[in-house]
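Participant: coords below, sequence missing:
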């Protein structure tokens, strides 16, 4: 049994703070348990009443005739701690604290919440909340919540599990699912998460036999490793996770040392973690419910190819355009298949979409024959059928039902979607066959897109593996020269360059590396040298090098009189290739995260960057490179030469593995890392230590 099973499916429950008044939270919660089908034993706890809502009441859980599986606590905040002590004394190990007045209300409440969490840990007790909405399990008739939704709508049983942090958000999802006719297996709103969080709930739902699809929403995360484990567990169980993250903040002032930190932002990091752990992030509740509905009815499509059959040319084009814009493919039918389709329906137009025209109405044998030909004619993962208003025509529905049933039988691993207006009788019969029904064509395409992405994400998550970190070493903070020396030790190629404390040293260094040269100010206190004019290019001779030293020192003293200056760095000029950026930022929640994108001045101009968790395997590093738009430049853009991606991948893996093994590193940035036809080289670098 999963440790959280009794939070969702208790055989007995105590309601601490139960009331006879259904307008009070303790009264409403008890009413839901009594009237909505819960078959377990209910123990109202009220210090004064002998009966509550017709049930025998007890003054304390200590007085109960048995140890309940779970308790729902609806008391003023000041009474929660002693009541939890009573639960511990009785042996109750699962408590949902629905009381508010804790960390959400300031420092005093936060201190009280810390004491509650410590109390629970001390007694081995698991709690949700405080400030939680409770949990529900419609198949068991268990509605352990005070949600006002249940006064007018009761979510029915189904296979979709829901885990949210916000109670109001969770209640809205329950309502949206109910209005859509979607059933729920288990659902929970975790509140302030003093103990149980959304990650723990996802972990439970990944194990739960009654849950096939998981919807989750969170505002933040206190344990990044636990969230990763839960998402990967769901992906391994082939349970789609559709997730939302609300709120976007920057990672903090410490990140300003590098472009990587300033671009990372908490939101980008969450997106990267969701993606690599097999979860699909949505931007609206509507999209979440649509994708969950499709995944609950149909299998995940085996590929991204979509076949569109329509009785309206315009709607067919609309759906095809939406598919292409979403990254799906709409492959044309083979010539022999098209010939067979024309033989079935001479007026059918197009190669995919196939437009049968309105003459299809009432001639379902044509629809069946053409759909079977489409199935034979291309490797299609999904079928979208626009059928106008046939779903409202009850007398003509049986042939449509038979046709779609035949297609589902012939292609049980494909997604079949009927886009049409319909009555409930038609919709429910088709859903029983495994055919999803949408009224809006664009929403149907978005749902298919989400399902296709989930299949690809789960496939990738199944092979997610961490590279072995290198041996630990002591790191000392330093300037660019020191950073590059460190990178050279771990296998990243750097130029032959010299730190110079005087103009004459700079000339000798330039003579040694060969003209033309680059000169850069060297200072721990000036990480972004271009912002003060601290970089000089194409210095062609000794006099230019001598003058360049003086110019850089003067600019640095003027712009940053407080900065410690170590002199200048002299390096040979290099030409050609593509400038990229390789960075690692240590995220407070998820640890070291690798960034890759176009480098140089392009990084902040275009923000074409992507993130992945460190360390990296070569396969994951290659996937990170391909995920940015600028990767096309590496393949030889418009006749240009192909560049050395293998060298780039090797550098990414080296930097990611190094940062993952060194907890004292806050960030590493190589900007630019120049990818050449053969090899690649770090032209500028910065290593920042924590604190």
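Facilitator: Thanks, I have it. Keep in mind it's a predicted model, so treat the numbers as computed, not measured.
Participant: Return the residues in contact with residue 589.
Facilitator: 220-224, 266, 269 (Cβ atoms under 8 Å, 6 or more residues apart in numbering). To be clear about C-beta, it is placed using only N, CA and C from the backbone, and glycine gets the same treatment.
Participant: Tell me which of the residues you listed has the lowest pLDDT.
Facilitator: Within the contacts of residue 589, pLDDT reaches its minimum at residue 266, with 69.
Participant: how long is stretch 624-634 end to end?
Facilitator: 13 Å (Cα to Cα, to the nearest Å).
Participant: next one: stretch 380-399
Facilitator: The distance separating the two terminal residues of stretch 380-399, taken as Cα to Cα, comes to 24 Å.
Participant: got any ranges where this structure has weak pLDDT?
Facilitator: Judged against pLDDT under 70, the low-scoring parts of the chain cover residues 248-266, 358-364, 463-468, 470-472, 477, 600-606.
Participant: coming back round to it: could I get the contacts of residue 589 as TSV with neighbour count, distance to residue 2 and secondary structure?
Facilitator: Written out in TSV, the entries for the contacts of residue 589 read as follows (neighbours: other Cβ atoms under 10 Å; distance: Cβ to Cβ, whole Å; DSSP: H, G, I helix; E, B strand; the rest coil):
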residue	neighbour count	distance to residue 2	secondary structure
220	15	24	coil
221	23	21	coil
222	12	20	coil
223	15	18	coil
224	19	22	helix
266	20	30	helix
269	24	29	helix
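Participant: which non-adjacent residue is nearest residue 541?
Facilitator: Closest residue in space to residue 541, ignoring its immediate chain neighbours: residue 515 at 6.1 Å, by Cβ to Cβ, 6 or more residues apart in numbering.
Participant: residues touching that neighbour, list them.
Facilitator: 539-541.
Participant: so residue 586 sits right up against residue 662, yeah?
Facilitator: No. The pair residue 586 / residue 662 is not scored as a contact, 9.6 Å apart, by Cβ atoms under 8 Å.
Participant: And these two? Which one has more around it.
Facilitator: Set residue 586 next to residue 662 and count neighbours by other Cβ atoms under 10 Å: residue 586 wins out with 25 against 22.
Participant: which stretches of the stretch 251-400 of the chain form helices?
Facilitator: Along the stretch 251-400 of the chain, the stretches classed as helices by DSSP state H, counting those that start in this stretch are 259-276, 285-297, 313-325, 335-344, 364-377, 397-410.
Participant: Distance to residue 304 added to those, as CSV?
Facilitator: Formatted as CSV, the entries for the helices of the stretch 251-400 of the chain read as follows, by distance: least, Cβ to Cβ, whole Å:
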stretch, distance to residue 304
helix 259-276, 16
helix 285-297, 15
helix 313-325, 9
helix 335-344, 20
helix 364-377, 16
helix 397-410, 19
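Participant: looking at the ones you listed, which is closest to residue 611?
Facilitator: Distances from residue 611 to each of the helices of the stretch 251-400 of the chain were compared using Cβ to Cβ; the minimum, 3.8 Å, belongs to helix 259-276.
Participant: residue ranges for the helices of the stretch 101-250 of the chain, please.
Facilitator: Taking DSSP H, counting those that start in this stretch as the criterion, the stretch 101-250 of the chain carries its helices at 107-123, 167-179, 198-207, 224-236.
Participant: Of those helices, which is nearest residue 314?
Facilitator: helix 167-179 (28.9 Å).
Participant: Would you double-check that the residue nearest to residue 541 falls in a helix?
Facilitator: No. The assignment for residue 515 (DSSP: H, G, I helix; E, B strand; the rest coil) gives coil, which keeps it out of a helix.
Participant: Against residue 238, how distant is it?
Facilitator: Separation of residue 515 from residue 238 (Cβ to Cβ, to the nearest Å): 61 Å.
Participant: Residue 387 against residue 419, yeah?
Facilitator: Yes. At 6.8 Å, residue 387 counts as touching residue 419 under the criterion of Cβ under 8 Å.
Participant: Please identify which helix or strand holds residue 659.
Facilitator: Taking DSSP states H and E as the criterion, residue 659 maps to helix 645-661.
Participant: for the nearest residue to residue 640 once chain neighbours are set aside, helix, strand, or coil?
Facilitator: Nearest residue to residue 640, sequence neighbours excluded (Cβ to Cβ, 6+ apart): residue 633, at 7.8 Å. At residue 633, secondary structure determined by three-state DSSP is helix.
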